[in-house]
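K.L.:
pasting the sequence and the predicted coordinates here, then a few questions.
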Amino acid sequence: MGLVLSGISVSRGVAIGKAHLLQHDFPEVGEYTVPKPLLTEEITRFRLAVKKARQQLKAIRQRIPAHTPADIADFIDAHLLMLGDAALAEVPVAIIKERRCNAEWALKLQRDALVGVFEEMDDPYLRTRQDDVNHVVNRILRNLLYQGGHPKEAEPQLKGRLAIAEDISPAEMLMMHYQGVAAIASQYGGANSHTAILARSLGVPAVVGVPRLLDYIRHGEALVIDGRQGVVLAGPDPAELEYFRRRQREERRHLTALRKIRELPAVSRDGHAVQLLANVEIPEDIPATRRAAAAGIGLYRTEMLFINRDQPPDEEEQYRVYRKIVRAMKGRPVTIRTLDLGADKTPGLAERRPAAANNPAMGLRAIRCCLREPELFCAQIRAILRASALGPVRMMIPMLSTVQELQQVLRLVEEEKQHLRRRRQRFDENLPVGGMIEVPAAAVAAPAFARRLDFLSIGTNDLIQYTLAVDRLDEQVNYLYDPLHPAILKLIQLVIGAGRRAGIPVAMCGEMAGDTRYTRLLLGMGLREFSMYPATLLEVKRIVIDAEIGRLSRTVKRILRAESREEILTLVEKLNHLE
Ligand code: PEP
Ligand code: MG
């Protein structure tokens, strides 16, 4: 039997393959000369990193539960022994002194030498020990690199692999997808982090928040990641492998069955038409929106264009990407959201998860960042405006919290229209401008926003995070992240009501919109536009087609009056089974 590790399920699908420990890749290090008077300091730095590695391993050893298979404890013991061995603890010190080089380089030289020796060996067991050397060396190395900033990781070979990491940023997720990764699992992270959203959108099975994942998984070992059940299975036996292969076949059959309703209109049994739109991260997502017959794009997260690069894309480059999407959607609406950089979406790979102490989610993010950098923002506004000449485009502003911000945005849009008129470039004079309602203040003040905008879209991912004070990235408070919290339902109700009174459409583009557990509730609350990652769209459509919305209202009213989680859960369950 394999070793089962449980975490938070974030993107369904079963993947079977070999584990790829991201931290396993030897980070790129360079050599530099250390001046003679500083050599002692460099040696101390190295010794401290080794000492820290020992403390880390001992701490892991102590936390291993009693029922854990013995080989895992042995694995850690072996690493502890290696740390105490002169080959790793002393030889690098001699190299530092002799070459007058930095500790990282000395460690790399010694690692290369040791791995070389193991590679020469005939004994397959001893050859596998090179993995252990890599593991231990990387631990020391990470400690060294973290002493002075962030580690730079070498590019891994990921095709068909199941990536295992401590934490994965959206930038890394995107890069790994391009490298052909089959699934991901991480020790940290929440179900509504942008990494999780990206994984869902890209159809990459994913599990996050798996406690002590890195202590248990070895690089290259056979692995199963079950994204639906939130399970990572190391070293599956033949019966388990057969079970998961069957699950893969069932999943494929389920999707084939759903495709039959692809062409049907999204209209409820009692005649309410519902717009089912797609969330898109990158232009490559477009075929999936077509497969799901989405009515359009309800959220295009443009920030993915800005990450993993040194320079932001200019107006022309952005225009070409937006044009490609608008053309590919062939007359169906495309909602382009202006940049939402900040929080966990940072431009580069090196800028990993920012320190919690900085409160990045409440900092200079999204529209705040754009208003601070008008040049960057205006280039995007112009690119969106120009794309609107080619098909129905809507511009959507994220993270609005004050009407003043909105007024500033609307002024800038007017100025950029003027700019394009001077350049004699075409655009839709009536381009609809909408706002995301994802800050509680904006939800409470929704009527003021609704009066000034052409549409609203509820961003439940952030609305929940900010209302309940639950960091969407933090697996430790994930249990508090609750779309059914009475406060959240009240805010959603407020926004839908504000839109109705102002006569403008209200959509929802947070993850809640694509979660089939909430479809009937939202329909009953009056929501008629849902935007979600394409893979879930046909499942939501199935529910819409089968629903008689008029019959839901009594139970929905009771849900909106309920105060306890248990009561709400029971009523939602009832709602979902109403005939
Ligand atoms: C949201 O907050 O619900 C949303 C759709 O935006 P993002 O997930 O990109 O923050
Ligand atoms: Mg958001």
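P.N.:
Nice, I can see it. Residues are numbered from 1 along each chain as shown. Ligands and ions are numbered 1, 2, ... in the order given.

K.L.:
residue of the stretch 301-450 of the chain nearest ligand 1, please.
P.N.:
In the stretch 301-450 of the chain, no residue comes nearer to ligand 1 than residue 438, which is 4.5 Å away by CB to the nearest ligand atom. Just so you know, the C-beta spots here come from the backbone N, C-alpha and C atoms, and that holds for glycine as well.

K.L.:
what residues are up against that residue?
P.N.:
If you count contacts by CB atoms under 8 Å, 6 or more residues apart in numbering, residue 438 has them with 398-399, 458-463, 466, 510.

K.L.:
for it, which non-adjacent residue is closest in space?
P.N.:
residue 459 (3.1 Å; CB to CB, 6 or more residues apart in numbering).

K.L.:
tell me, how many residues neighbour the one you found?
P.N.:
Residue 459 has 30 neighbouring residues, counting by other CB atoms under 10 Å.

K.L.:
could you do the one 4 residues further on as well?
P.N.:
For residue 463, the neighbour count with other CB under 10 Å is 26.

K.L.:
ok, and it, which helix or strand is that part of?
P.N.:
helix 460-468 (DSSP states H and E).

K.L.:
what residues does that helix touch?
P.N.:
Helix 460-468 has contacts (CB under 8 Å, 6+ apart) with 192, 197, 361-362, 399, 437-440, 443, 470-472, 480-483, 485, 487-488, 491-492, 508, 510-513.

K.L.:
burial measure for residue 397, as a count.
P.N.:
Count around residue 397 with other CB under 10 Å applied: 24.

K.L.:
residue contacts, it?
P.N.:
337-338, 367, 406, 409, 433-436.

K.L.:
ligand 2 contacts on this protein?
P.N.:
438, 459, 462 (CB under 5 Å from the ion).

K.L.:
near ligand 1, which of the contacts of residue 438 show up?
P.N.:
Near ligand 1, taking CB under 6 Å from any ligand atom as the test, the members of these found are 459-462, 510.

K.L.:
output the contacting helices and strands for the biggest strand by length in the chain.
P.N.:
Longest strand of the chain, by residue count under DSSP state E: strand 14-21. Strand 14-21 is packed against strand 162-165, strand 222-226, helix 238-258, with contacts defined by 3 or more CB pairs under 8 Å, 6 or more residues apart in numbering; DSSP states H and E.

K.L.:
quick revisit: tell me the one of the residues of the chain next to ligand 2 nearest residue 209?
P.N.:
residue 462 (19.1 Å; CB to CB).

K.L.:
and the closest one, how far is that from residue 41?
P.N.:
45 Å (CB to CB, to the nearest Å).

K.L.:
more neighbours, those two?
P.N.:
residue 462 (24 against 12).

K.L.:
ok, that one to residue 505 distance?
P.N.:
Counting by CB to CB - residue 462 and residue 505 are separated by 20 Å.

K.L.:
in the stretch 1-150 of the chain, which residue sits nearest ligand 1?
P.N.:
residue 10 (12.9 Å).

K.L.:
that residue: how many residues sit nearby?
P.N.:
29.

K.L.:
which residues touch it?
P.N.:
Taking CB under 8 Å, 6+ apart, one finds 189, 191, 196, 199-200, 206-208, 227, 230 in contact with residue 10.

K.L.:
sort out for me which of those are in strands.
P.N.:
Counting by DSSP E, these contribute 206-208 to strands.

K.L.:
between those, which is nearest residue 107?
P.N.:
Among these, and counting by CB to CB, the member closest to residue 107 is residue 208, at 30.6 Å.

K.L.:
what about the closest one, neighbour count?
P.N.:
Around residue 208 there are 30 residues (other CB under 10 Å).

K.L.:
these two touch, right, it and residue 475?
P.N.:
Yes - with contact defined as CB atoms under 8 Å, residue 208 counts as touching residue 475 (6.5 Å).

K.L.:
overlap in contacts, the two.
P.N.:
With CB under 8 Å, 6+ apart as the test, residue 208 and residue 475 both reach 7-8, 188-190.

K.L.:
how about TSV for those, with pLDDT, neighbour count and distance to residue 539 added?
P.N.:
Listed next are those as TSV, based on pLDDT from 0 to 100; neighbours: other CB atoms under 10 Å; distance: CB to CB, whole Å:
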residue	pLDDT	neighbour count	distance to residue 539
7	95	26	23
8	94	21	20
188	89	21	29
189	87	33	24
190	86	24	23
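
K.L.:
give me every residue that touches residue 555.
P.N.:
Taking CB under 8 Å, 6+ apart, one finds 524, 571, 574-575, 578 in contact with residue 555.

K.L.:
report the buried members of these.
P.N.:
524, 571, 575 (16 or more other CB atoms under 10 Å).

K.L.:
centroid-nearest residue for this structure?
P.N.:
residue 195 (1.2 Å; CA atoms, centre = their mean).

K.L.:
quick one, what contacts that residue?
P.N.:
Per CB under 8 Å, 6+ apart, neighbours of residue 195: 168-170, 172-173, 186, 189, 206, 208, 344.

K.L.:
kindly recompute the last result at 7 Å.
P.N.:
168-170, 173, 189 (CB atoms under 7 Å, 6 or more residues apart in numbering).
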